[in-house]
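J.: Sequence below, structure please.
(2 chains)
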2 protein chains.
Amino acid sequence: MEEAPMLFIPGPTYVPEEVARAQARPMIGHRSREFTALFERLIPRLQAIFRTRGRVFFVAASGTGLWEAAIRNLVRRKVLCLINGAFGERWHQVALANGKEAVALSVAWGQAIRPEQVVEALSAHPDAEAITVVHNETSTGVMNPLAEIATAVRQAFPDVLILVDAVSSLGGAPLETDAWGLDFVLTSSQKCLALPPGLAFCAVSERAMEKAKEVPHRGYYFDLLTMARYADRGETPATPAISLLFAADRQFDHILKEGLEARWERHRRMAERVQAWASERFALFAEDGHRSWTLTCVSNTRGIDISALNEFLRRRGKVISSGYGPLKGKTFRIAHMGEIQLHHIEALLTDIDEWLAAK
Amino acid sequence: MEEAPMLFIPGPTYVPEEVARAQARPMIGHRSREFTALFERLIPRLQAIFRTRGRVFFVAASGTGLWEAAIRNLVRRKVLCLINGAFGERWHQVALANGKEAVALSVAWGQAIRPEQVVEALSAHPDAEAITVVHNETSTGVMNPLAEIATAVRQAFPDVLILVDAVSSLGGAPLETDAWGLDFVLTSSQKCLALPPGLAFCAVSERAMEKAKEVPHRGYYFDLLTMARYADRGETPATPAISLLFAADRQFDHILKEGLEARWERHRRMAERVQAWASERFALFAEDGHRSWTLTCVSNTRGIDISALNEFLRRRGKVISSGYGPLKGKTFRIAHMGEIQLHHIEALLTDIDEWLAAK
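T.: This next block holds a predicted model:
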């Protein structure tokens, strides 16, 4: 088998060896004292990472599963989906696939969504019960102004729930569940948290838990009320992904030891470095002022062969991402996410410069 | 931390060290050549384990998630749920929670469901589109006569889909997806396959895939048609649980090297041994002729303190299960599942005998 390259892709991200090895701990039962002890170690640290004193849950699934959870639990009839990239679009599709009336507020890819646009869209759809918003659009490198959007919505439409995809931001950029008044924030293990994929995490406000009680046909696997009932005794409804939780147990310690603010700042500095590098050589796809802290989407203004670049990088034990969907060939993406450090980024950029110079 | 005991519980089961260690392999991207190679190694071996030439899928979830998949994809309006234990009951709940009309055929716990009972129930509900049946009821130690039920249903009601929970049987007892004409068979990683929890697997017949096309609001995360579209290019719709798949890659080799028939036979011999032991000292909860090959449910005819027994066993580095739900105190359960060997069982029974003798 080929040696796995160092990942500069927007997830799965590099998993530190000691975290990966934690998965190999001897298996335990999920209705055991060992499991409940693990559960009780995980919850407060998850709350710290989500910046909430409210409910947090984990489930064996990808973040996509929790998109479905948000829709099935918290939307009875109608939702407004904010779209400025592929992931916002897919969440909208998930809402439709679950039989909800899902109206879209679409903004050009590469642009951020403005609070006033959201308020305007809600004014046109005053019966929307919730909005979905992707904090950090992995397809475009735009980080939406979530705090400002949330403030505007809570002021103008205080009953509308704010459902947030923080898949590629939580742990890598500021996000304050309680202080910003967010109702449902979901993330995946394999992005800024630098865990193996297969776990999804969410924070849920008290009013969202109340809302779920009014929504019929929430299903079972992602039913928040069932999760809460089991959580109250330190368990999960279904068998959880225990070996992945062993890894989380190890990694959450590391994250909180680094410090959440320090972790955000490390991501910001990496973003600044990659943006400066890319501005000099190419151009940045995301609009100024709304660029992601966790990945940079570079416009391929020089028309380079991105596959050839990646083949070269692979020989150096590294890999970056090509553009997403319609942006394939037109952009490439460098993720600076999770446990990636500035020196990894420097080494990557040096390699790319060497390839560019040889062309 | 307390040392993890050897698990004689019906999942999660003991994971061999080399399988557990496989999880620690360096992370790879899920849209990469490495992943597609892994995908293409996994699928034919999954087909071999399910005994099918049809579609097989894996998803980051527990088996519970695939209960929901079966209902949301394959039942438009009405389903008949066969119930003779806690898991049959829960699958029925899942069907109701997803807004379907779910009628129940209930049989006393400890009894098996007869083919003629199923035919009779379907005669009373000729508009049922599918039946759900739990092959091996982990709560009671009953293994339902699945082949006979399937034959009877396909003869009398050829259009009814047969949806099977093989969570605690697949890999430990005979199950022939194609030969028995089963339409949807689901299992979990952490039972007879002896993998860490967090992965669920299913086999889907061609006519079930066709049926899914007629069912609206299938959702997204568990949508079989979306899974099939991605599978055709060696990928999954959402990020899969890659480290768990590394473990499956290792363990499927081991399972097929042991040989599926040999594996079934090892489980049968362990069941025979535990049943003989339990019959002499207690009684068996499951009716004769329908006892599980993968776990034995023992009636607590001596009124022993099961918690005290388990505390004693823990000091010997072992743990068994108490009775499930309403059977707590009245039964205890010994799982002989996955990588457990006859010599492990002998050592366990010797320990229990020592405890019984000292009372």
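J.: Contacts only, for residue A:93.
T.: residue B:220 (C-beta atoms under 8 Å, 6 or more residues apart in numbering or on different chains). For glycine as for every other residue, the C-beta is placed from the backbone atoms N, C-alpha and C.
J.: Next: residue A:240.
T.: A:30, A:35, A:58-60, B:62, B:197-198.
J.: State the pLDDT value of it.
T.: We have a pLDDT of 98 for residue A:240.
J.: For it, give its distance to residue A:170.
T.: Note on residue A:240: its distance to residue A:170, by C-beta to C-beta, to the nearest Å, is 19 Å.
J.: Could you do residue A:116 as well?
T.: In terms of C-beta to C-beta, residue A:116 sits 26 Å off from residue A:170.
J.: more neighbours, the two?
T.: Neighbour tally, residue A:116 and residue A:170, criterion other C-beta atoms under 10 Å in any protein chain shown: the higher count belongs to residue A:170, 28 against 12.
J.: what's the closest non-adjacent residue to that one?
T.: Spatial nearest neighbour of residue A:170, chain neighbours left out: residue A:187 (4.0 Å); criterion: C-beta to C-beta, 6 or more residues apart in numbering or on different chains.
J.: partner strands of the one helix or strand that neighbour maps to, parallel or antiparallel?
T.: Per DSSP states H and E, residue A:187 falls inside strand A:184-188. Strand A:184-188 has the following sheet partners, assigned by DSSP bridges: strand A:161-165 (parallel), strand A:199-204 (antiparallel).
J.: Which residues belonging to the very next helix or strand once past the longest one are considered buried?
T.: This points to strand A:199-204. Note on strand A:199-204: by DSSP H and E, the next helix or strand toward the C-terminus is helix A:206-212. For helix A:206-212, the neighbour count (16 or more other C-beta atoms under 10 Å in any protein chain shown) marks A:208-209, A:211-212 as buried.
J.: before we move on, what about stretch A:147-161?
T.: Under the neighbour-count criterion of 16+ other C-beta under 10 Å, stretch A:147-161 has A:147-150, A:152-154, A:157, A:160-161 buried.
J.: So which residues make contact with it?
T.: The contact list for stretch A:147-161, computed with C-beta under 8 Å, 6+ apart, reads A:74, A:82, A:113, A:115-116, A:118-119, A:122-123, A:126, A:128-131, A:133, A:162, A:176, A:180-184, A:205, A:207-208, A:211.
J.: Dump the C-alpha coordinates for that stretch into PDB.
T.: This file holds the C-alpha atoms of stretch A:147-161, laid out as PDB (Å, rounded to 0.1, in the frame of the first residue of the first chain):
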ATOM      1  CA  ALA A 147     -22.400  36.500  14.900                       C
ATOM      2  CA  GLU A 148     -23.800  39.400  13.000                       C
ATOM      3  CA  ILE A 149     -26.400  37.200  11.200                       C
ATOM      4  CA  ALA A 150     -27.500  35.700  14.500                       C
ATOM      5  CA  THR A 151     -27.800  39.100  16.200                       C
ATOM      6  CA  ALA A 152     -29.900  40.500  13.300                       C
ATOM      7  CA  VAL A 153     -32.200  37.500  13.200                       C
ATOM      8  CA  ARG A 154     -32.800  37.400  17.000                       C
ATOM      9  CA  GLN A 155     -33.500  41.100  17.000                       C
ATOM     10  CA  ALA A 156     -35.900  41.100  14.000                       C
ATOM     11  CA  PHE A 157     -37.400  37.600  14.300                       C
ATOM     12  CA  PRO A 158     -36.900  36.400  17.900                       C
ATOM     13  CA  ASP A 159     -38.800  33.200  17.400                       C
ATOM     14  CA  VAL A 160     -36.800  31.900  14.400                       C
ATOM     15  CA  LEU A 161     -34.300  29.200  15.300                       C
END
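J.: what is the mean pLDDT for that stretch?
T.: Rounded mean pLDDT across stretch A:147-161 is 98.
J.: same question, stretch A:209-225
T.: 98.
J.: Next, the distance between the ends of it.
T.: For stretch A:209-225, the first-to-last residue distance is 7 Å (C-alpha to C-alpha, to the nearest Å).
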